[in-house]
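Participant: Structure for this input, please:
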Amino acid sequence: MNNTTTGTSPEALRASMVAHVKQAGHARNQAVEEALSEIPRHRFVPAATAEDAYANKAVITKRAEDGSALSCASVPTVVAMQLDQLDVQPGNRVLEIGAGTGYNAALLARLTGPGGEVTTVDIDDEVTFGAREALDGNGFPDVRVIARDGSLGAQEHAPYDRIILTVGAFDLPPAWWSQLAPGGRLVVPLRWRGQTRSVAFVREGDRLRSDSVQLCGFVPMIGQDSELSGHLDSDGLVTLYWDGDQDISLDRLDRILATPKTAAWSGVTVGNSEPFDGVWLRMTGTEPGTCRIAADPAAVEAGLATPAIPSRSPALVEKDSLAYFTFRRLDDGGKQRSELGAIGHGPTGDELAERLSDQIRAWGSARTADPVITAYPADTPDEQIGSAHIVDKRHSRLVVSLPVVQGAS
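Facilitator: The predicted model follows:
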């Protein structure tokens, strides 16, 4: 199917897309801006209109039977954000996990230039076939396209100066570590404690250390998810999600939302457009019971559970008690602001709510502080890591380091 438009040329739409990306604070690297300006995104998603191809939204190219997305062209601002994080240099050898439409591989080929190499891997034969056709048809025959489980990488073309994932990952398999050159960069949408961040890691010996962490959302990698879930009420309106290494049991939380609730308010306020996702990130590095809660609209309307963002908000679980992140609107002389806080349930729900509010206050005093995520191989002993809060996965161990600032904002 050919792209159609409503009268605006693809070139003008592409220029508008790049302008929007720049306004959002991405494509800071001039080479990234030039690549976005030159590569015809609409030709990699021919079933979409040109307007949709260049809009700031994902273009879904394959869905599962239940309607969930299996493959897509990512949101342009997210594409640019990750390319900024990756910092591709001319002549680099680049591995991409998640071939998608081939568009991102074309951008990578433009960035690395004729002296570099790009290999893209995807587990889905249909996806790699489409990516191969699109790359060949748009002048990128030298990009390697391999149908394979992305967790295996592509050892035959390693080592890589840069590795990028355009699918969500729950863990860091050994192949990615071994195939990344010393000093190389790995950009991965990594999921832990219910939230996903695009983390730009630099390989430092036997560990990976971040220098950029950005909020994001991606189609999950097939076969890697180790997240558990269960309902907190008999009607299935409120769901808790947690990681396999956490000491969380639904049996101990039976009918928890039917117990009296206690609110703890932090004194920290935000405006309508101010992000507060940093609270969740901070919690992952300080509270081992950090997880995710999701409430259906019916649960929110009934007051059963009122998390700040109903579909995904941080929660804190300890034994038979629970607290979750919430907010309340304030009348501030016509200014629209909200105070952040927590609601607790269970025998120690009030204590958990206060601890969650403490995290909000710590974040409120250092809202722009950059966290550092350090990843170690799974067999690294505790004493070598030296942290009280370690997120354990099958192949890796994570530590989230954040500055500790006293006081509230």
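Participant: chain center to stretch 187-197, what's the gap?
Facilitator: Averaged C-alpha coordinates place stretch 187-197 at 4 Å from its chain's average position (Cα atoms, centre = their mean, to the nearest Å).
Participant: quick one, what contacts residue 288?
Facilitator: Contacts for residue 288 (Cβ atoms under 8 Å, 6 or more residues apart in numbering) come out as 246-247, 389. For every residue, glycine as well, the C-beta is placed using N, CA and C.
Participant: what number of residues lie near residue 156?
Facilitator: Other residues lying near residue 156 total 9 when counted by other Cβ atoms under 10 Å.
Participant: Would you confirm that it belongs to a strand?
Facilitator: No. Counting by DSSP: H, G, I helix; E, B strand; the rest coil, residue 156 falls outside a strand, being helix.
Participant: how near is it to residue 82?
Facilitator: Distance, residue 156 to residue 82, by Cβ to Cβ, to the nearest Å: 25 Å.
Participant: most neighbours, which of the contacts of residue 288?
Facilitator: With neighbours taken as other Cβ under 10 Å, the top of those is residue 246, carrying 16 neighbours.
Participant: Tell me the secondary structure at that one.
Facilitator: Assigned by three-state DSSP, the conformation of residue 246 is coil.
Participant: That one contacts residue 291, doesn't it?
Facilitator: Yes. Applying Cβ atoms under 8 Å as the test, residue 246 and residue 291 come out as touching, 6.8 Å apart.
Participant: Tell me the residues that contact both of the two, please.
Facilitator: Counting by Cβ under 8 Å, 6+ apart, the shared contacts of residue 246 and residue 291 are residue 317.
Participant: Can you report how many residues neighbour residue 198?
Facilitator: Close neighbours of residue 198, defined as other Cβ under 10 Å, add up to 24.
Participant: Confirm that it sits in a strand.
Facilitator: Yes. In this structure, residue 198 lies within a strand as judged by three-state DSSP.
Participant: contacting residues for it?
Facilitator: 78, 81-82, 85, 187-190, 212-216.
Participant: Can you show me the helices along this structure?
Facilitator: All helices of the chain, identified by DSSP state H, fall at 10-23, 30-38, 50-54, 76-86, 103-112, 125-137, 174-179, 278-286, 297-302, 349-364, 382-385.
Participant: Looking at the ones you listed, which is nearest to residue 398?
Facilitator: helix 278-286 (8.4 Å; Cβ to Cβ).
Participant: Tabulate the CA atom coordinates of that closest one in CSV.
Facilitator: The C-alpha coordinates for helix 278-286 follow below in CSV (Å, rounded to 0.1, in the frame of the first residue of the first chain):
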residue,chain,number,x,y,z
GLY,A,278,11.6,10.5,39.4
VAL,A,279,9.9,9.4,42.6
TRP,A,280,9.5,5.9,41.3
LEU,A,281,13.1,5.7,40.1
ARG,A,282,14.3,6.9,43.5
MET,A,283,12.2,4.2,45.3
THR,A,284,13.8,1.4,43.2
GLY,A,285,17.1,2.3,44.7
THR,A,286,16.0,2.6,48.3
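Participant: for stretch 59-78, the distance to its chain's centre please.
Facilitator: In this view, stretch 59-78 has its centroid 15 Å away from the chain centroid, taken as Cα atoms, centre = their mean.
Participant: Pull up the distance across it, start to finish.
Facilitator: Stretch 59-78 has its terminal residues 13 Å apart, counting by Cα to Cα, to the nearest Å.
Participant: which other residues reach it?
Facilitator: Stretch 59-78 is contacted from outside by 17, 20-21, 24, 26, 36, 41, 44-45, 47-48, 52-54, 56-58, 100-101, 103-104, 122, 124, 126-127, 130, 166, 198, 216, 218-219, using Cβ under 8 Å, 6+ apart.
Participant: how about 6 Å then?
Facilitator: With Cβ atoms under 6 Å, 6 or more residues apart in numbering as the test, stretch 59-78 has contacts from 17, 21, 24, 26, 45, 48, 56-58, 100-101, 103, 127, 216, 219.
Participant: Stretch 17-33 now?
Facilitator: 36-37, 54, 56, 76-77, 80-81, 83-84, 111.
Participant: so can I have JSON lines of these showing neighbour count?
Facilitator: Shown next, in JSON lines, are those (neighbours: other Cβ atoms under 10 Å):
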{"residue": "36", "neighbour count": "23"}
{"residue": "37", "neighbour count": "15"}
{"residue": "54", "neighbour count": "28"}
{"residue": "56", "neighbour count": "13"}
{"residue": "76", "neighbour count": "26"}
{"residue": "77", "neighbour count": "20"}
{"residue": "80", "neighbour count": "27"}
{"residue": "81", "neighbour count": "26"}
{"residue": "83", "neighbour count": "25"}
{"residue": "84", "neighbour count": "20"}
{"residue": "111", "neighbour count": "23"}
